[in-house]
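Q: Just a sequence and a predicted model for now, questions to come.
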Amino acid sequence: MKKFYLIFILAIFCANSFAQIELVKDLYIGTEGGVPANLYVFDNQIYFKATDGTAGIELWKSDGTEEGTVLVK
């Protein structure tokens, strides 16, 4: 289920192109999901809230790459 959430984020990020959709980063390793929500696109990046299982729900951003999917604050 958690992989579905990140794929969904990437689908929204790539909505205006025919790019292949794939998992770029597993935010919450294990059986739980990162539960991304509140997706916003700004300056060619997607911002969303999610959890990695350590600090609760935090702000994340992604440019569509594993290296570019990072915790903002």
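A: Looks like it arrived, so ask away. Numbers count the residues shown, from 1 in each chain.
Q: Spit out the contact partners of G68.
A: 45, 61-62 (Cβ atoms under 8 Å, 6 or more residues apart in numbering). (C-beta placed from N, C-alpha, C; glycine too.)
Q: any low-confidence regions in this structure?
A: Applying pLDDT under 70 to the chain flags residues 1-22.
Q: about what we covered before: please dump the contacts of G68 into JSON lines; it should also carry secondary structure, neighbour count and distance to L71 for every row.
A: Below are those laid out as JSON lines (DSSP: H, G, I helix; E, B strand; the rest coil; neighbours: other Cβ atoms under 10 Å; distance: Cβ to Cβ, whole Å):
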{"residue": "Q45", "secondary structure": "strand", "neighbour count": "15", "distance to L71": "13"}
{"residue": "K61", "secondary structure": "strand", "neighbour count": "17", "distance to L71": "8"}
{"residue": "S62", "secondary structure": "strand", "neighbour count": "23", "distance to L71": "11"}
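Q: of the residues you listed, closest to K73?
A: When those are compared for distance to K73 (Cβ to Cβ), K61 wins out at 10.0 Å.
Q: which residues does the nearest residue to S62 once chain neighbours are set aside contact?
A: Closest residue in space to S62, ignoring its immediate chain neighbours: T69 at 4.0 Å, by Cβ to Cβ, 6 or more residues apart in numbering. Residues in contact with T69 (Cβ under 8 Å, 6+ apart) are 24-25, 27, 60-63.
Q: Could you turn the buried ones of these into a ChimeraX selection?
A: The buried residues among the contacts of T69 can be selected in ChimeraX (16 or more other Cβ atoms under 10 Å) with this line:
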select :24,27,60,61,62
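Q: Just flag the most distant two among the contacts of T69.
A: Every pair of the contacts of T69 checked by Cβ to Cβ; the farthest is L27 and D63, at 14.9 Å.
Q: rewinding a little: how about TSV for the contacts of T69, with distance to K49 added?
A: TSV is the format used below for the contacts of T69 (distance: Cβ to Cβ, whole Å):
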residue	distance to K49
V24	17
K25	15
L27	11
W60	7
K61	11
S62	12
D63	17
